[in-house]
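S.K.: Sharing a model prediction with you, sequence too.
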Amino acid sequence: MLRKYGVVIGLAIALSACQPTPTFLHPASSISSHEANLYWIILIMALVVFVLVEGALIWIVVRDRKRANDQELPAQIHGNMRLEVVWTVIPILLVISLFIMTVQTVNAVAAPASLKNDLNVRVVGHRWWWEFDYPDLGIATANELHIPVGGTAQISLESVDVIHSFWVPQLSGKTDAIPGQHNTMWLTGDQVGEYLGQCAEFCGTQHAFMRFKVYVDSQADFDAWVANQQQPAYQPQTEDEQVGFKEIDSGACAACHSLDPTEVNTDKVGPNLTHLFSRTTFAGGTFDLNEENLRSWLHDTQELKPGNDMEITIPPQQIDQIIAYLTHLK
Ligand code: CUA
């Protein structure tokens, strides 16, 4: 057991080392910018209050300390109307201004009413990966979400098992994905780039490895990505590819995975594989997607991500055939 977690933690450290730490203090959308601005204003206000109050306290303690030749108590003062008004009115004004700024921020980050050009995305939490469906485009994918720069994605959040929370620190706040309930949120990106997301609600042993990526693409890149995702799955050419294809399309893999680009996987356990290799990671953003990692995964998924739903033993020769086919799914 220890060794299993050692492998996972080691891989996670190796993976996280090459990626920037996501934080809303490096905002890349109007939502996160509003949140970051409010954070800095509150932090600065709190610092000013802290320095003034603690400074006054220390100054008074030092000034009025007991000295060796003190004979009498210092003057005993009871009540000072002017001071009491000052330290009552100033905090009230500060709290009122915080309230106003918070309400303004809440309004600014609230989901806008649906617009004509909105991109509708259905996000479904699974233990432990994310399903991303684009109902208007006929695309079902996983763990890597694409949105066009400056566009608005209207997101509908669901979960098939337990409560998860969808969070892309640089682009949005957190919203829970709750079984039996549709929550909504919106997402927008002001700068082309790659942004890390993370499940933000403890959902089981692999909660920390329920990650995802959001790609904010230029319109041309987004259109090209959509066109590619809508294509049917690669047709097997060689004999090995043919066997691998059959295993995935109608064999043991088919119970959980799909090779139909439009098939949402909500009732299935695993991600849609139609364009697997157009993604850069797998298993909930846990591992880089390449042939070597995929081979280790198919060899023993429970070793790499203990507790995941893929409990299957595949003979080595079949692994080769499955990989021969999978690596063509661009
Ligand atoms: Cu899903 Cu934590």
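M.R.: It's in.
S.K.: which non-adjacent residue is nearest Asn143?
M.R.: Closest residue to Asn143 apart from its sequence neighbours, by CB to CB, 6 or more residues apart in numbering: Phe212 at 5.0 Å. Using the backbone N, CA and C atoms, a C-beta is placed for each residue, glycine as well.
S.K.: Which positions in the helix or strand where His34 lies come out as buried?
M.R.: Assessed by DSSP states H and E, His34 sits inside helix 30-63. Of the residues in helix 30-63, 31-36, 38 count as buried by neighbour count, 16 or more other CB atoms under 10 Å.
S.K.: For the helix or strand just after that helix, name the packing helices and strands.
M.R.: Downstream of helix 30-63, the first helix or strand assigned by DSSP H and E is helix 81-109. Packing contacts for helix 81-109, counted by 3 or more CB pairs under 8 Å, 6 or more residues apart in numbering; DSSP states H and E, involve helix 30-63.
S.K.: What mean pLDDT does the helix it packs on get?
M.R.: On average, the pLDDT along helix 30-63 is 94.
S.K.: Stretch 259-279 too?
M.R.: When pLDDT is averaged over stretch 259-279, the result is 85.
S.K.: who's in contact with that stretch?
M.R.: Stretch 259-279 is contacted from outside by 122, 124, 126, 129, 131, 133, 138-144, 158, 160, 225, 228-233, 245, 248-249, 253, 255-258, 282, 289, 309-310, 326-330, using CB atoms under 8 Å, 6 or more residues apart in numbering.
S.K.: So how do I select the buried members of these in ChimeraX?
M.R.: Only the buried entries of the contacts of stretch 259-279 go into this ChimeraX selection, using 16+ other CB under 10 Å:
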select :122,124,126,129,131,133,139,140,141,142,143,144,158,160,225,229,233,245,248,249,253,257,258,282,289,310,326,327,328,329
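S.K.: when you check the contacts of stretch 259-279 against the helices, which ones overlap?
M.R.: 225, 228-229, 245, 248-249, 326 (DSSP state H).
S.K.: Return the residues of this structure in contact with the ligand.
M.R.: With CB under 6 Å from any ligand atom as the criterion, the chain meets the ligand at residues 125, 128, 164, 199, 201-203, 207, 210.
S.K.: Swap in 5 Å and give it another go.
M.R.: By CB under 5 Å from any ligand atom, the residues of the chain that approach the ligand are 164, 199, 203, 207, 210.
S.K.: so what's the second one up against?
M.R.: Read it as Cys199. Contacts for Cys199 (CB under 8 Å, 6+ apart) come out as 125, 128, 130, 164-167, 207, 210-211.
S.K.: any chance of these in TSV, plus neighbour count and pLDDT?
M.R.: Shown next, in TSV, are the contacts of Cys199 (neighbours: other CB atoms under 10 Å; pLDDT from 0 to 100):
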residue	neighbour count	pLDDT
Gly125	26	95
Trp128	25	91
Trp130	25	95
His164	30	97
Ser165	22	97
Phe166	26	96
Trp167	20	95
His207	18	95
Met210	26	95
Arg211	23	94
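S.K.: Need the max-distance pair from those.
M.R.: Trp128 and Trp167 (14.5 Å; CB to CB).
S.K.: hey, what's Asp176 bridged with?
M.R.: When bridges are called by DSSP bridges, Asp176 pairs up with Ser165.
S.K.: Which residues are in contact with Met210?
M.R.: Met210 neighbours (CB under 8 Å, 6+ apart): 125, 127-130, 164, 198-199, 203, 284-285.
S.K.: Next, give me the two most distant ones among the residues of the chain next to the ligand.
M.R.: Greatest spatial distance among the residues of the chain next to the ligand (CB to CB): His164 and His207, at 8.5 Å.
S.K.: Could you name every residue contacting both of the two?
M.R.: Shared contacts of His164 and His207 (CB under 8 Å, 6+ apart): 199, 201.
S.K.: Including distance to Glu54, could the buried residues of helix 30-63 go into TSV?
M.R.: Converted to TSV, the buried residues of helix 30-63 look like this (distance: CB to CB, whole Å):
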residue	distance to Glu54
Ile31	35
Ser32	32
Ser33	31
His34	30
Glu35	28
Ala36	26
Leu38	24
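S.K.: quick one: which of these is nearest Pro179?
M.R.: Ile31 (25.6 Å).
S.K.: how far away is the closest one from the ligand?
M.R.: Using CB to the nearest ligand atom, to the nearest Å, we find Ile31 at a distance of 21 Å from the ligand.
S.K.: before we move on, what about Asp70?
M.R.: Per CB to the nearest ligand atom, Asp70 is found 62 Å from the ligand.
S.K.: That residue: neighbour count?
M.R.: The tally of other residues near Asp70 (other CB atoms under 10 Å) stands at 9.
S.K.: shift numbering so it begins at 15
M.R.: New numbering, starting at 15: the last item is Asp84.
S.K.: Kindly state the pLDDT recorded for it?
M.R.: If you check Asp84, the pLDDT there is 78.
S.K.: Who are the contact partners of it?
M.R.: Counting by CB under 8 Å, 6+ apart, Asp84 has no contacts.
S.K.: what are the phi and psi angles of it?
M.R.: With angles defined as degrees, to the nearest 10, Asp84 sits at phi -70, psi 130.
S.K.: which residues sit against stretch 332-344?
M.R.: Against stretch 332-344 from outside (CB under 8 Å, 6+ apart): 242, 247-248, 250, 252, 254-259, 261-262, 267, 287-292, 305, 308-309, 312-313, 328.
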